[in-house]
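K.L.:
Sequence and predicted structure, then a few things I'm wondering about:
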Amino acid sequence: MTYRGTMTEPLGARIRRLRADRGWTQRELAEPGYDRGFLAKVETGSRPPSEEMLAYLADRLGLTVDELRFGRPPGIADELRASLDEGYRDLEQGRVALAEERFADVAKQAAGYHLDDVECYARFCQAEVKWQLFDVSGAQEELEHAAELAEAAPPWLRAMIVHRWSGCRYLSGDAGTAIARVEEALASPDLDPDAELCLLSALIHPLMEMGGLHRARRAALDGVRLTRAATRPDFVARFHRQASQVWQAIGRAEQAEQDLTEACRLFTSVGFDRDAARCRWARGYLLRRLGRVAEAREELTAARDQLAAIGAEEGVAGATVELAEVRLRQGEPDEAAELVSSVWPLLARDVEALGEATGLRGLIAQAQGDLAAATRLLREAADIQTRASLHGAAVSTALRLGDVLREQGRLDEAVEAYRRGLDSASTDT
């Protein structure tokens, strides 16, 4: 049967149209439960049907009550969800405008059909567009709209909304709120393995940066257990990418690299090119930390170029800053400075990246022999990181600042910088 209704069609007119589509008289539809005259009044809109009559008519017409009440074509919810899934792959593969148009269209249809769970998913997808374009405040706003409908959403989607919302708060310099929101969601009794794994993944990086290695390790170990029961490969991949940070921090570099390789494989298997490229960025970071700078340069360059082709500005900024640090280590401070400058306008949207890049500019100035600029920039970076409770980064910056001050013979100030680093190192969330 061809669907000919609209979302604004009055209920009575819809019943009349569906009856006529089947070639039935009013008596044939109404009896034996109701008389023809009462159905005539319902169809003209002069009498609203009771819930019991609505259920009776829906059953006679072969529809659910909500399909009849809201004019939903049979199967429309599944069609709209499938459209969102396809749009999400478009987004991951860089077809941002196409994805954004699809998400907006589905959100409008879902609202018209009163499909709160589908509308919630569509709004989450709209937030993902903002996230990809590095519009942190816009993404958070869209996520808050999605959260208003989250009661109807499946557990995995509710968890992903919290995951991304906490990510927005973290990028805005509010790591404490980011962690608290995820931990609150983890206390929910409605979690399934996918949802719990998603939330544990969201905890790891903020905890690491705030000095909470013990808690991050516990989250990683809990996540390893959940990967055996989780059903969504993208959630398992996201966990492996985050957990690699913990393994690296506790000296298990081989496992960290294995996790990143597996995450990249899983993301690629579901067509998530953006996230696969972010795994290459993470692997480049790991390789730099291991001293394998030539490999790190190759991996980070590939990640940056892939993320740029996809239009993932947040990833481009982060991978470029990491690449700049590699080039500095390779004795190319001028090229490192150019790389940081090329993404500087993007960095104000991410307090972690801003602090890291400011500190890197300080190290570049040191390599170029401008110790006054190096001191100023490292102090600025330390202030940014301390305000954002990024204790791990603040420790490294304070130690580098102390070295620069000591190089200038400013020993009292160097001791104070080292002390500041020790204070940050002793902070554990």
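P.N.:
Yep, that arrived. Numbers count the residues shown, from 1 in each chain.
K.L.:
what does stretch 207-215 contact?
P.N.:
175-176, 179, 203, 216, 219, 245-246, 249-250, 352, 389-393, 424-425, 427-429 (Cβ atoms under 8 Å, 6 or more residues apart in numbering). In short, each C-beta sits where N, CA and C put it, glycine included.
K.L.:
now stretch 25-34
P.N.:
Contact with stretch 25-34 is made by Ile15, Arg19, Arg36, Phe38, Leu39, Ala40, Glu43, Met53, Tyr56, Leu57, Arg60, Leu61, as judged by Cβ under 8 Å, 6+ apart.
K.L.:
Can you show me the helices along the stretch 51-200 of the chain?
P.N.:
51-61, 65-70, 76-92, 96-112, 116-132, 136-147, 155-171, 175-186, 193-209 (DSSP state H, counting those that start in this stretch).
K.L.:
Output these in JSON lines; the columns should cover mean pLDDT and distance to Gln26.
P.N.:
Formatted as JSON lines, the helices of the stretch 51-200 of the chain follow (pLDDT from 0 to 100; distance: least, Cβ to Cβ, whole Å):
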{"stretch": "helix 51-61", "mean pLDDT": "87", "distance to Gln26": "11"}
{"stretch": "helix 65-70", "mean pLDDT": "80", "distance to Gln26": "16"}
{"stretch": "helix 76-92", "mean pLDDT": "95", "distance to Gln26": "27"}
{"stretch": "helix 96-112", "mean pLDDT": "95", "distance to Gln26": "28"}
{"stretch": "helix 116-132", "mean pLDDT": "96", "distance to Gln26": "33"}
{"stretch": "helix 136-147", "mean pLDDT": "96", "distance to Gln26": "43"}
{"stretch": "helix 155-171", "mean pLDDT": "97", "distance to Gln26": "43"}
{"stretch": "helix 175-186", "mean pLDDT": "96", "distance to Gln26": "52"}
{"stretch": "helix 193-209", "mean pLDDT": "96", "distance to Gln26": "48"}
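K.L.:
just to revisit the earlier point, from the contacts of stretch 207-215, which ones fall inside strands?
P.N.:
Counting by DSSP state E, the contacts of stretch 207-215 place none of their members in strands.
K.L.:
need the helices of the stretch 51-200 of the chain in a markdown table with distance to Gly223, can you?
P.N.:
As requested, the helices of the stretch 51-200 of the chain are arranged in a markdown table below (distance: least, Cβ to Cβ, whole Å):
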| stretch | distance to Gly223 |
| --- | --- |
| helix 51-61 | 44 |
| helix 65-70 | 37 |
| helix 76-92 | 22 |
| helix 96-112 | 29 |
| helix 116-132 | 22 |
| helix 136-147 | 22 |
| helix 155-171 | 13 |
| helix 175-186 | 11 |
| helix 193-209 | 4 |
